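Participant: fold the following and give me the result.
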Amino acid sequence: MQHMPTAKNEQLNTNLFNDFLCLLQGKIRRQVLVNTQPEKVKECHQLRHGECRQCAACCKLIFRCPFLSSDNRCSIHESPVRPRSCQVFPIARQDLEDVRRSSGNICGFWFASDKN
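Facilitator: Sure, this is the predicted structure:
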């Protein structure tokens, strides 16, 4: 028996798809910035404050990082092979929104213009 789509289900699917697209856009933006505009990343970090809470929410944006252990710890955190995009996360306020959208977590980092 085939279920007929309801307006509520269609809206839910649309919202999930839109969230996925936003998270994918953020992942691509971070990769492009890290690999093509390292000076821009440094500029953005001048406005970044706080510290990592090690909640692993950023390690689960779109997919779970293969280096994330079962206890939600990065198994390569101190290793030179840790991806640059991980080392510099978050680059911009948008990244904090991605964490919130994906997990509901509030990142331990914030940007200068957020605390005015």
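Participant: buried sites along the helix ranked longest in the chain?
Facilitator: Ordering each helix of the chain by length in residues (DSSP state H) puts helix 7-36 first. Judged by neighbour count (16 or more other Cβ atoms under 10 Å), helix 7-36 contains these buried residues: 23, 26-27, 30, 33-34. Every residue, glycine included, has its C-beta placed from N, CA and C.
Participant: how far does the following helix or strand past that helix sit from its chain's centre?
Facilitator: Note on helix 7-36: by DSSP states H and E, the next helix or strand toward the C-terminus is helix 38-45. With Cα atoms, centre = their mean, to the nearest Å as the basis, helix 38-45 stands 17 Å off its chain's centre.
Participant: try stretch 16-27
Facilitator: Its chain's C-alpha centre and that of stretch 16-27 lie 10 Å apart, by Cα atoms, centre = their mean.
Participant: do stretch 74-81 as well
Facilitator: Stretch 74-81 has its C-alpha centroid displaced from the chain centroid by 18 Å (Cα atoms, centre = their mean).
Participant: adding pLDDT and distance to Ala112, write the buried residues of helix 7-36 out as CSV.
Facilitator: Converted to CSV, the buried residues of helix 7-36 look like this (pLDDT from 0 to 100; distance: Cβ to Cβ, whole Å):
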residue, pLDDT, distance to Ala112
Leu23, 93, 24
Gly26, 94, 20
Lys27, 94, 24
Arg30, 95, 19
Leu33, 96, 18
Val34, 96, 21
